[in-house]
Each structure stands twice: as C-alpha cells, then as structure tokens.
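Novice: requesting a structural model of the entry that follows:
(2 chains)
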Amino acid sequence: MNSKKLNKFLTDKFGDKIGNLFNEIILSFITSLWFMILMFPIMIIKVNTIDQTIIWRWHNLIYIGAGSFVLSYLWRKALKLKEMKSRTEENSKKSFSLSESLSNLSESKFHYPAMGVTLLLFILIPVFSSLYQTTVLSSALIYVMLGLGLNIVVGLGGLLNLGYVAFYIVGAYSYAMLNTHFGLSFWVALPIGALLSTVFGILLALPILRLRGDYLAIVTLAFAEIIRLILQNEGDIFGGPSGINNIEPPSFFGFEFGLDGKTVLMYYIILFMTIFTIFVIFRLENSRIGRAWQALREDEIATKSMGINVTMTKLTSFALGATWAGFAGVLFSAKTAFINPDSFTIWESVIILCFVVLGGMGSIFGVAIAALILYILPESLRAFAQYRMLVYGISLVLMMIFRQGGIIDVKRKHYKLPDNIKAD
Amino acid sequence: MTHVLEVNNLSKHFGGLKAVDEVSLKVEKNQIVALIGPNGAGKTTFFNCITGMYKPTSGEIYIPSSAHRDSHITGEGHRTKAIHGLNPHVITECGIARTFQNIRLFQNMTVLENIMIGRHCRLSTGIIGAIFRTRKSRLEESELIHDSHEILTKIGLENYANEFAKNLPYGAQRKLEIARALATDPFLLLLDEPAAGMNPQETKELDGLIVKLRDTEDLSILLIEHDMNLVMSLAENIYVMDYGKLIAQGTPTQIKSDKKVIEAYLGEEIDA
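Specialist: The predicted model follows:
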C-alpha cells in the first residue's frame, strides 16, 4: 500500500518515467530479498562437521543480494524490450532486423553471391586452420546433416521423433561392419548404409504410423534404446561395448594421404555431402511432397480429406529422414575409425532435436546455423571447464524465451502470379 | 436426372450409440441438397462416413463410376461405384470434396499453398521428380500455380494469395475452405455448416457463391446448415435428421410444415 502511494506521489512529481523506474527497483529488490532467503542455507551457513562449528559467511549475502537485484532488473528490462519490439514490428513491418534480413536472403538478389562466399569460406577453411579445427568443423557438419535430416521428420512432417539416433547407428555400423568383415570401400558402403537406414526407417514407421505426438516420441525413443542395447550386448557380431575399430578412412582414386591429408579429405567429403543434403531438402521442401509433409504437420484430418495419402506421406517423411542419418552415420564411422555404442546415446537424439527447434522448425538455413553454432560453442567453451554446460544450457533457455521461432523464422515462399492472369 | 450420390441405409454405431441409423439419401446432378437437424443429430457423422473419415457400420454409398464430369452417364443405365469403406484420400480422388464445421485450414501456410495442397491428388510429381526438377515436374508446378490462382480469383481471394491462412478474416477463411475443396476438382461438394459464425451480409454473399459454383463449376452440393434462411433459399431438397434417424425429406415448403420436423426443433405439443 505504502509503495503504491509513494509511487503515485513520485509519478505526480517526476512523471511516468521516474515512477516506473521506482516500481522496477522495488520489484527487483523483492526478488533479491527472495533469493537471499532462498540461498541462506546453502550459501551463508557452513557447518564444519569436524569442529562442530558453524561458519556464517555474511559477505555472500551481499553478493547474492546485489547480483540477483541487477539480474532481475536486467531480466525484466529485456522482457519489456522484447514486448515493445514485437509491438512495433506489428505496426511497421519495415523495421530492419537481422533475422528478417536473413530470412529474406533467399529471395533477394544477394542470394547467390552470399551463398557463393559462404561456400568459398568453407572450402578454404582447412587451408588456414589447424587440424583440430578442421576435425571439429567436420563433426559439426555431420551434425548439420543430422539436423537437416531430422528437420524433414520433425520440422516439416511434424512427427516428433526422439529416436533419430537409431538411424545414425544403422548407418555407422553398416559401414563399420561392411568394411571390417567384407572389406567394402567407403564409396560402396555410403549408399548401402543410407539404404539400410531407409529400410529401417520404413520398418519402424510401418507399425507406428497411427501414433501421434507424445506416443510417437515414446516409441521412437524406445526403438533407439533397443538398438543401442542390442549392440552393447551382442559381442560376437557387433563387438559389444568395445565396439568396432580399425575402420578404413575413405580412399580417393588410389591416392595415398598422410594423417593431415586424410583429415582434410574427410572434411571435403563431409562438406560435399552437407551441400548435397541442403540441395535435396531445399528441392523437396517446396515440392508437391514437401507441401504434403507440411500439410500433415498443420492438420492431419484436413490433409486426409484433401486427397493426400497420409500413410505414404508419413512413410516418406520418416524414411527420407532416416536416409540422411544413414549418410551421416557412414561418414561418422569413416571419420573416427572407431565406433562403439556409447557414441549413440539418447543424448545425441536430444541434441539433434535441439538444433531443429532452436534453428527454427522447418527452416533449412536456421537448422544448419544452429547445428554449427551449438556444436562449436561447447567445443570453444572448453576454456571454462566445468561451467561449459551451464553456459550452454543458459544460452538455450534464453534463446527459447527471446526467439521462440528459432534463429531463422520460416518464411513461406511467395509464388509469383503467372502473367496471363495478371493481364486480366 | 442422374444421381451423383446414392446412400442406402447407412449406419454408424459407436458402441451402443447409433449416431447414424439407417439413413438413405440421394443427390441429383447439379442439385443443392441440405441436411438439417438439431445439434447432435448425427449430420457430421454422416458426412464423415461419406468422406471415409469413419468406416460405416453398415450400408452402402454409391457414386457414378468414372463420375468425373464430362463422362456421359446415360439415363437409367447407370454404372455405379461403391465407395463405402474406402480411405478418405481415395474418396477425394473419386471427386468428393468437403469443408469442415470448425475451420481446418493449414494455418501456417499461405493461402495459395493451401490451394496447392488441394490440387495434390491431381498431380503426380514424386520424390525423384522433385529432387531433379524434371521437365515434367517443372511444367506441372507452373501449371499448378496458374490453376491455383485461377481458383482464388474465382472465389475472390486473389488479394490474399501470399498471406498466412491464419491471418485471414473469418469470412475469408470460410471461403478459403471452399476454395481448397474446389481445388481437388470435385463433382460433389460437401459443406459442413458453411455459414456458421457469419453475419447476415456474409451469409448472403455465401448464398450467391454457392449458387454460382453450382452453375459455373457443374457441381452438386450437399450441405449441413443451421441457418434456416440460407437453407430454405438454397436447397431444392431437404433431408432432416434427428437422433441419427432420417425423420423427413422434401422440398423447403414441405419441410416447413412437416409436423415431425417442428417437433424435433421445438418439442412436442402437449394437449391440454
């Protein structure tokens, strides 16, 4: 009551701005008080069990109070800014923003030059970066492929697949086994791995096509775990927990490479496959098939009644998603030369799903950028040691609050009117 | 006159509940037929059975075989095709399109894309064609854009072509549903409460639109509607359902004075 009176008094005297500021300060103060009480037993009291004494660390109280005061003030400021921004955006759609310009890119005249420059950059990277950086980037690009593949299933088809890693396993193990047991080369195994993965995708999709949402997620989750557990426990065929080693790296028309050369070659193969992925998915997205997927995501019943075979549409979405996981799997086992079931835990599926959600469901470049950033970020945060995952987690949370649509919002394609209609 | 839809003794039971009970109905070519009844009478379930959303418990549904327009269906020597129990997308391919009572558009896609999805079943581009963008698929795509624009122009939504479906005003969303159904190239259009939530002005426009479609598109129309003014002015033949059963059938004037219909809507008269 008192604060309200004071607030009114201040507003009268100094105008809205000061009154608001005062209000904000009061709110921040309450928050900081709350945090001080909350953290009291953890941060202030310290019991020494040997001496049976209690140490009161009162100075911590000041840090917590000041810290939470500033953070809560900034937090509310940021939320307010976001709100104001969305309001002004509604009023004037011309306002310039990074994401707008990024999503407009595909339509502007800078489209091809920008893509060319990016491509050139990626081609030149191994020349002026260290071997370690090239390896990290290779792994990141594999995740880009995985993200884009899952984007077909989750982003376009709207089928929540939590077991995407299962298809990645199929790809990885098919190359590892074909190579170590039958001596098949990488180039032969690449399409075979993808094909096997597709077959698995179809086999899994057939019984679960009638499921939706959460139920689908649970079944796919279980499927991935089943596959991993089989690999872990079947020692004779799959090598059990110790996995398969000595997988041959890809050859290139009989050339012999040193370790450096092999890494760089691998990088270029992965880069090529990533570009291939982007190309194919780009073509599919705005085709008859892609539209059917997106219709399915929007409304299954309406899709059915529009004459679209829902079963086939789900099947193609699932199978094509699995195909890219298969490619990525083969690349992964060729790159690391050693695989075991521990590389394919549920965590991988979750991370890939993170890429899709954070990048912007259904947005190709968004997912690619998210995968690159989110894979390289924890890698470059290694300097912060134990706070690495904390920073990672916080950035994910912030991202979801301030940019719900993902890094790049999906922009629908604008189809131009055909000339003969315009004339009418 | 030939029948474009013939439903014989159709039933749909949900456990013990007879949602649709032995309903028979006929729609003749270029006719507008209305299906009315109090809430919960089973009208939408009846629609769902025709469109294949539900598999009917018993009964038959026939359409003229190769019913696609232009085909000559000769007088009484009609060749018919049973469509009961088929999958929804197959039935749509046969040429029966529908709209929904609660609007079911593809919200996050543009108006034009909504129409393009409606054309899906008349096109053939597959995965390979889409990836390699073959001559055939490019040709199909440009034809598709052209056709979709034409449909939008016909319905009067051409100015919204690149808007998100969810951003359209309510009346336009209803129209878009009809446009999307038209895109599937039907000979029979099923409209489930097309005027629900519309103001009198919009309803009047809709009235004109439906008649126009029937005349210019060579369509037959079966509609469910609660707006009696619209029903009485549009329909040539009215079927009335109550508690899953057909209780009356006839021209608007006959229905208006039918005792059973009045009872169903207003309750029974009690003699003092």
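Novice: contact partners for the residue nearest to A:Ala189 when sequence neighbours are not counted?
Specialist: Spatial nearest neighbour of A:Ala189, chain neighbours left out: A:Tyr175 (4.3 Å); criterion: CB to CB, 6 or more residues apart in numbering or on different chains. Yep, even glycine has a C-beta here, placed from its N, CA and C like the rest. When contacts are counted by CB atoms under 8 Å, 6 or more residues apart in numbering or on different chains, A:Tyr175 touches A:186, A:189-190, A:193, A:247, A:329-330, A:333-334.
Novice: can you tell me which of these comes closest to chain B?
Specialist: A:Leu190 (17.2 Å; CB to the nearest CB).
Novice: next up, the contacts around the closest one.
Specialist: A:175, A:327, A:330-331.
Novice: cool, and B:Ala130?
Specialist: A:283-284, A:287-290, B:137.
Novice: ok, 10 Å please
Specialist: A:280, A:283-290, B:137, B:141 (CB atoms under 10 Å, 6 or more residues apart in numbering or on different chains).
Novice: any idea how far B:Ile103 is from the closest residue to chain B within the stretch 301-424 of chain A?
Specialist: Going by CB to the nearest CB, chain B is nearest to A:Gly307 of the stretch 301-424 of chain A, at 3.0 Å. A:Gly307 sits 19 Å away from B:Ile103, taking CB to CB, to the nearest Å as the criterion.
Novice: same thing with A:Phe282?
Specialist: 31 Å.
Novice: re the thing from before, what's the spacing between the residue nearest to A:Ala189 and chain B?
Specialist: 23 Å (CB to the nearest CB, to the nearest Å).
Novice: export the helix or strand hosting that residue to PDB, keeping only CA atoms.
Specialist: Using DSSP states H and E, A:Tyr175 sits within helix A:165-182. Only the C-alpha atoms of helix A:165-182 are listed here, as PDB (Å, rounded to 0.1, in the frame of the first residue of the first chain):
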ATOM      1  CA  VAL A 165      20.000 -41.600 -33.400                       C
ATOM      2  CA  ALA A 166      18.800 -45.100 -34.200                       C
ATOM      3  CA  PHE A 167      19.200 -44.500 -37.900                       C
ATOM      4  CA  TYR A 168      22.500 -42.800 -37.300                       C
ATOM      5  CA  ILE A 169      23.600 -46.100 -35.600                       C
ATOM      6  CA  VAL A 170      22.400 -48.200 -38.500                       C
ATOM      7  CA  GLY A 171      24.500 -46.000 -40.900                       C
ATOM      8  CA  ALA A 172      27.600 -46.100 -38.800                       C
ATOM      9  CA  TYR A 173      27.500 -49.800 -38.000                       C
ATOM     10  CA  SER A 174      26.700 -50.800 -41.600                       C
ATOM     11  CA  TYR A 175      29.900 -49.100 -42.900                       C
ATOM     12  CA  ALA A 176      31.900 -50.400 -39.900                       C
ATOM     13  CA  MET A 177      30.800 -54.000 -40.400                       C
ATOM     14  CA  LEU A 178      30.800 -54.000 -44.200                       C
ATOM     15  CA  ASN A 179      34.300 -52.600 -44.100                       C
ATOM     16  CA  THR A 180      35.800 -54.800 -41.400                       C
ATOM     17  CA  HIS A 181      34.100 -58.000 -42.300                       C
ATOM     18  CA  PHE A 182      33.800 -57.800 -46.100                       C
END
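Novice: buried stuff in it?
Specialist: Residues of helix A:165-182 classed as buried by neighbour count (16 or more other CB atoms under 10 Å in any protein chain shown): A:165-179.
Novice: and stretch A:19-29, by the same measure?
Specialist: A:19, A:22-23, A:28.
Novice: that older thread, A:Phe282 and B:Ile103 - which one has more neighbours?
Specialist: B:Ile103 (19 against 16; other CB atoms under 10 Å in any protein chain shown).
Novice: among the contacts of A:Tyr175, name the ones in helices.
Specialist: If you go by DSSP state H, the contacts of A:Tyr175 have A:186, A:189-190, A:193, A:329-330, A:333-334 in helices.
Novice: what packs against the longest helix along chain A?
Specialist: Using DSSP H to assign secondary structure, the helix with the most residues in chain A is helix A:58-91. Here helix A:58-91 touches helix A:16-39, helix A:388-402, going by 3 or more CB pairs under 10 Å, 6 or more residues apart in numbering or on different chains; DSSP states H and E.
Novice: could I get these as TSV with mean pLDDT?
Specialist: Below are the helices and strands packed on helix A:58-91 laid out as TSV (pLDDT from 0 to 100):
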stretch	mean pLDDT
helix A:16-39	84
helix A:388-402	80
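Novice: pick the most buried one from those helices.
Specialist: helix A:16-39 (a mean of 14; mean count of other CB atoms under 10 Å in any protein chain shown).
Novice: mind listing the strands for chain A?
Specialist: A:45-48, A:53-56 (DSSP state E).
Novice: A:Ile247: neighbour count?
Specialist: Residues near A:Ile247, counting by other CB under 10 Å, number 23.
Novice: got a list of what residue 262 touches?
Specialist: Here I'm looking at chain A. A:249-252, A:256, A:334-335, A:337.
Novice: actually chain B
Specialist: B:Ile262 sits in contact with B:248, B:255-256, B:268-269, where contact means CB under 10 Å, 6+ apart.
Novice: report the contact partners of the spatially most central residue of chain B.
Specialist: Geometric centre of chain B, nearest residue: B:Leu190, 1.1 Å, by CA atoms, centre = their mean. Going by CB under 10 Å, 6+ apart, B:Leu190 touches A:305, B:5, B:27, B:35, B:46-48, B:50-51, B:96-100, B:181, B:220-224.
Novice: doesn't it fall inside a strand?
Specialist: Yes: assessed by DSSP: H, G, I helix; E, B strand; the rest coil, B:Leu190 belongs to a strand.
Novice: in a markdown table: the contacts of A:Tyr175, plus pLDDT.
Specialist: A markdown table is the format used below for those (pLDDT from 0 to 100):
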| residue | pLDDT |
| --- | --- |
| A:Phe186 | 91 |
| A:Ala189 | 93 |
| A:Leu190 | 94 |
| A:Gly193 | 95 |
| A:Ile247 | 87 |
| A:Gly329 | 95 |
| A:Val330 | 95 |
| A:Ser333 | 94 |
| A:Ala334 | 93 |
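Novice: out of the residues you listed, which are buried?
Specialist: Among those, those buried by neighbour count (16+ other CB under 10 Å) are A:186, A:189-190, A:193, A:247, A:329-330, A:333-334.
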